[in-house]
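Participant: mind folding the following:
(chains A and B)
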Amino acid sequence: MKNLILSAAALALTAGMAVAQDKTIRMGTEGAYPPYNFINDAGEVDGFERELGDELCKRAELTCEWVKNDWDSIIPNLVSGNYDVILAGMSITDERDQVIDFTQNYYPPTASAYAAASDGVDVIAGVVAAQTGTIQAGHVAESGATLVEFATPEETVAAVRNGEADAVFADKDYLVPLVEESGGELMFVGDEVPLGGGIGMGLRESDSELKAKFDAAITSMKEDGTLNTMLKKWFGEDTTTY
Amino acid sequence: MFSYCSDPDTLGTAAWFSCYLTTGVHMSFYLAFLKVLLLLAITAPVALGFGFLGAMAARSRIAPLRWLGKIYIAIVRGVPDIAFFLFFVIALDQAIEYVRHRVLCPDWDQPVRQGSDFVVCQAAKMPLGNAPQYIHEAYGFFLAVFTFAIVFGAFAANVLYGGMRAVPNAQLETAEAYGMTHRQTFWRILVPQMWVFALPGLSNLWMVLIKATPLLFLLGIEDVVYWARELGGTKTSKFTDYPHGDWRMWYFLFLLIFYLGFTRISELVLERLMKRLTRGQATAGGEAQRKAAA
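Facilitator: Down below sits the predicted model:
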């Protein structure tokens, strides 16, 4: 007990001493959605958004730090101030825009796709897996298919592999490596569906100054073509660019 | 980790696993086990402390103190653990920041709640926004330990309260007859004898506490469950040198063995402790020990 009080006091003291000179921007991500963001073998956040985010911070002259957070609570924790920005493959939608703000998109409107274990699966009448709180989950619910939701992208794909769902509906870029390496076990079925207004950085609505800085940085990356190079590196030569 | 790990594709099974199991992410996984043990090592004594204070308050002769103890026990025991965890940690965090905001930034003119945003000045952030990540993690960890301690403290309070009442009244009457004060009776007669009555309940609590540690995952702490799920998930060769299929089952099996082993060791230790506490007590167990010795 005494030790706890002591260490708590020490913690408060060190936190108090390092009074803010300039602010560190904390960047929240999920770390489970390759190629957008994932944890690499060394245990660090890696992926398209890591590279992009670091470059944006450099251009906006900000010190940034990466924080992992579950997808489920990624918006509530932004709003309550645990971190300042979300870069987690989050599509810009009206529903989300009511709670948080988005920068302009740094990834063009995405195609979502169905992947299934066999050809000829009816994605309108069957059981379709999607991650909770994504635009894909919303789309499946409206399409008339039976929606089963999972907390992580990994579980949605596992549900197809073990037969719990007929198909999984997710960003095509997430599914491509999985389908390619499944050795024919998984395949794309049905049509691709364009969803959402592209992927943007999520910020608190009260943080308009920070939003302007990142907007400017994204614009400069779009103009000099570095964003396109980055998109091609992570999503292949055929990906849509600006 | 090892020099031959630079090109894992060419390795045999044993060498491949020796590389795979020593990657940076796996180190985080092993560290998470230490986190769990640290949580237990801190939570158990703190919860016992809360429990002792709660039990003392609940049997106090001062009415408001007694109410306080009983209300603490009743409320925390009556609310589902998970609900309490999710509510309390967020509420505590925001309360701390709100108080710091009021104290440190008196000139701030904007409201703290702007729609759904919770906005406090930079200096009031806990921990500060520019603090290194490990401070943030340590802070989150201590919030979690505190919450665990409050929850399990309430249960411990009830157990200890029962233990105190189970001490034979004749013992207390004798103490009074010897002229001991109320305080002396409590510390010299009641407390030393109550443990043997409280231990079965406390050992139950310890077991439940061990099994409740995966709740850390709910509080956003990267514990063993988080890493088992993360590491076990399908990995494709584009993003890792060690691609594999869905191995979550094996990781969770490992967790199962870990917890089973840990609770088994606890059982053995608690059994020995019970024997030690029974010695010389006026209980059936103590009587049996005396007969065996004679």
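
Participant: so in chain A, which strand runs the longest?
Facilitator: Longest strand in chain A, counting residues (DSSP state E): strand A:187-195.

Participant: quick one: list the elements packing against the helix or strand that that one is followed by.
Facilitator: Later in the chain than strand A:187-195, the nearest helix or strand by DSSP states H and E is strand A:202-203. Applying 3 or more CB pairs under 8 Å, 6 or more residues apart in numbering or on different chains; DSSP states H and E, one finds that strand A:202-203 contacts helix A:74-79, strand A:85-86, strand A:101-102, helix A:208-223. Yep, even glycine has a C-beta here, placed from its N, CA and C like the rest.

Participant: quick one: closest of those to chain B.
Facilitator: Closest to chain B of the helices and strands packed on strand A:202-203, according to CB to the nearest CB: helix A:74-79, at 5.0 Å.

Participant: format the helices and strands packed on strand A:202-203 as a markdown table; extra columns: mean neighbour count and mean pLDDT.
Facilitator: Below are the helices and strands packed on strand A:202-203 laid out as a markdown table (neighbours: other CB atoms under 10 Å in any protein chain shown; pLDDT from 0 to 100):
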| stretch | mean neighbour count | mean pLDDT |
| --- | --- | --- |
| helix A:74-79 | 20 | 89 |
| strand A:85-86 | 26 | 94 |
| strand A:101-102 | 20 | 94 |
| helix A:208-223 | 17 | 93 |
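
Participant: got those as JSON lines, with distance to B:A170 columns?
Facilitator: Listed next are these as JSON lines, based on distance: least, CB to CB, whole Å:
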{"stretch": "helix A:74-79", "distance to B:A170": "57"}
{"stretch": "strand A:85-86", "distance to B:A170": "66"}
{"stretch": "strand A:101-102", "distance to B:A170": "72"}
{"stretch": "helix A:208-223", "distance to B:A170": "71"}
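
Participant: turn those into TSV, columns for distance to chain B.
Facilitator: Putting the helices and strands packed on strand A:202-203 into TSV (distance: least, CB to the nearest CB, whole Å) gives the following:
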stretch	distance to chain B
helix A:74-79	5
strand A:85-86	12
strand A:101-102	10
helix A:208-223	11
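
Participant: partners of the helix-or-strand element of chain B with minimal mean pLDDT, with directions?
Facilitator: Ranked by mean pLDDT, DSSP states H and E, the weakest helix or strand in chain B is strand B:113-114, scoring a mean of 80. Using DSSP bridges, strand B:113-114 pairs in its sheet with strand B:117-118 (antiparallel).

Participant: just to revisit the earlier point, B:L218 is nearest to which of the helices and strands packed on strand A:202-203?
Facilitator: Closest of those to B:L218 is helix A:74-79, at 12.9 Å (criterion: CB to CB).

Participant: helices or strands up against that closest one?
Facilitator: strand A:24-29, strand A:85-86, helix A:94-99, strand A:202-203.

Participant: what segments of chain B are helices?
Facilitator: B:13-20, B:24-58, B:63-78, B:81-104, B:133-166, B:169-177, B:182-184, B:191-212, B:224-232, B:248-278, B:284-293 (DSSP state H).

Participant: mean pLDDT and distance to A:E95 added to those helices, as JSON lines?
Facilitator: Shown next, in JSON lines, are the helices of chain B (pLDDT from 0 to 100; distance: least, CB to CB, whole Å):
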{"stretch": "helix B:13-20", "mean pLDDT": "88", "distance to A:E95": "41"}
{"stretch": "helix B:24-58", "mean pLDDT": "93", "distance to A:E95": "34"}
{"stretch": "helix B:63-78", "mean pLDDT": "93", "distance to A:E95": "36"}
{"stretch": "helix B:81-104", "mean pLDDT": "87", "distance to A:E95": "22"}
{"stretch": "helix B:133-166", "mean pLDDT": "91", "distance to A:E95": "28"}
{"stretch": "helix B:169-177", "mean pLDDT": "93", "distance to A:E95": "65"}
{"stretch": "helix B:182-184", "mean pLDDT": "91", "distance to A:E95": "62"}
{"stretch": "helix B:191-212", "mean pLDDT": "92", "distance to A:E95": "35"}
{"stretch": "helix B:224-232", "mean pLDDT": "89", "distance to A:E95": "27"}
{"stretch": "helix B:248-278", "mean pLDDT": "93", "distance to A:E95": "31"}
{"stretch": "helix B:284-293", "mean pLDDT": "86", "distance to A:E95": "63"}
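
Participant: residue ranges of the helices in chain A, please?
Facilitator: A:2-17, A:48-59, A:74-79, A:94-99, A:135-143, A:153-161, A:172-181, A:208-223, A:226-235.

Participant: deepest-packed of those helices, please.
Facilitator: Most buried of those by mean neighbour count (mean count of other CB atoms under 10 Å in any protein chain shown) is helix A:153-161; its value is a mean of 23.

Participant: switch the helices of chain A over to TSV; also include distance to B:V208.
Facilitator: Shown next, in TSV, are the helices of chain A (distance: least, CB to CB, whole Å):
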stretch	distance to B:V208
helix A:2-17	21
helix A:48-59	40
helix A:74-79	28
helix A:94-99	37
helix A:135-143	35
helix A:153-161	27
helix A:172-181	39
helix A:208-223	44
helix A:226-235	46
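
Participant: okay if I get the helices and strands packed on helix A:74-79 as CSV plus distance to B:Y242?
Facilitator: Shown next, in CSV, are the helices and strands packed on helix A:74-79 (distance: least, CB to CB, whole Å):
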stretch, distance to B:Y242
strand A:24-29, 22
strand A:85-86, 29
helix A:94-99, 35
strand A:202-203, 32
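
Participant: so which of these is nearest B:R59?
Facilitator: Of all the helices and strands packed on helix A:74-79, strand A:24-29 comes closest under CB to CB, at 47.2 Å.

Participant: buried set for the closest one?
Facilitator: By neighbour count with 16 or more other CB atoms under 10 Å in any protein chain shown, strand A:24-29 contains the buried residues A:T24, A:I25, A:R26, A:M27, A:G28, A:T29.

Participant: between these, which has the least confident prediction?
Facilitator: Least confident by pLDDT among those: that is A:T24, with 85.

Participant: helices and strands of chain A: which one bottoms out on pLDDT?
Facilitator: helix A:2-17 (a mean of 48).

Participant: wait, B:S116 touches A:R96, no?
Facilitator: No. With contact defined as CB atoms under 8 Å, B:S116 does not count as touching A:R96 (11.8 Å).

Participant: so which bits of the stretch 51-200 of chain B are right by chain A?
Facilitator: B:90, B:93-94, B:97, B:110, B:114-120, B:122-123, B:125-133, B:135-136, B:138-139, B:142, B:145 (CB under 8 Å from any CB of the partner chain).

Participant: just the buried ones from the residues you listed?
Facilitator: B:90, B:93-94, B:97, B:117-120, B:123, B:125-131, B:135-136, B:139, B:145.

Participant: sorry, back to before: can you tell me which of the buried residues of strand A:24-29 is nearest chain B?
Facilitator: Using CB to the nearest CB, the buried residues of strand A:24-29 come closest to chain B at A:T24, 3.9 Å.

Participant: so who does that closest one touch?
Facilitator: By CB atoms under 8 Å, 6 or more residues apart in numbering or on different chains, the contact list for A:T24 reads A:T63, A:C64, A:E65, B:G129, B:N130, B:A131.
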